[in-house]
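S.K.: okay, structure incoming, though there's no sequence with it:
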């Protein structure tokens, strides 16, 4: 198999991942990549509990290329989830193959971020990361749930630009 879903979601693993996305895409395990999460003992425990029966690896960005390569070579399917587009951009800079589609879920409002829609708020660093990701040939789809109609980066970018 391969990486069946590459997703940005600031919650990493939660009910929508384990109950909705796992029904929509094949999955054996989840690779969570985020330096802040990998260094937070409590958050790692919470994510392990949230993952339930799915195999879970939580990695720093520098560890991720090797782990992602192993997942791609595996006969099993994995989700690759991180909490920011900057992580995906860093993985691409390191030569990691994330596939052709990036799914963007919840990116909650935070200081300096512009709210673009239901559960999506981005700041300038996110904007630049999304532009970089798209320049690498990755299609970006903003889609909270599998049944939602995905929105393109182009449409979200226009909305962001019009609000600045």
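M.R.: Yep, it's here. Computed from a prediction, not measured in an experiment: that's the story for all the values here. Numbering: from 1, shown residues only.
S.K.: please enumerate the helices of the chain.
M.R.: Remark: helices assigned in the chain by DSSP state H are 15, 22-24, 35-38, 41-51, 64-73, 85-93, 124-135, 153-163.
S.K.: out of the ones you listed, deepest packed?
M.R.: helix 85-93 (a mean of 20; mean count of other C-beta atoms under 10 Å). All C-beta atoms are positioned from the backbone trio N, CA, C, and that covers glycine.
S.K.: for residue 143, find the nearest of the helices of the chain.
M.R.: helix 22-24 (10.3 Å; C-beta to C-beta).
S.K.: just name the shakiest helix or strand of this protein by mean pLDDT.
M.R.: helix 15 (a mean of 83; mean pLDDT, DSSP states H and E).
S.K.: now it, how far from the centre of its chain.
M.R.: Mean-position distance between helix 15 and its chain equals 15 Å (C-alpha atoms, centre = their mean, to the nearest Å).
S.K.: and residue 118, what's its pLDDT?
M.R.: pLDDT, residue 118: 81.
S.K.: tell me the contacts of it?
M.R.: residue 144 (C-beta atoms under 8 Å, 6 or more residues apart in numbering).
S.K.: look up how far residue 107 lies from it.
M.R.: According to C-beta to C-beta, to the nearest Å, residue 118 and residue 107 sit 11 Å apart.
S.K.: next one: residue 131
M.R.: Distance from residue 131 to residue 107, by C-beta to C-beta: 15 Å.
S.K.: repeat that for residue 16.
M.R.: Distance, residue 16 to residue 107, using C-beta to C-beta: 14 Å.
S.K.: of these two, which one has the most company?
M.R.: More crowded of residue 16 and residue 107, by other C-beta atoms under 10 Å: residue 107, with 23 against 16.
S.K.: in space, what's closest to residue 61 - neighbours in sequence excluded?
M.R.: Closest residue to residue 61 apart from its sequence neighbours, by C-beta to C-beta, 6 or more residues apart in numbering: residue 90 at 5.2 Å.
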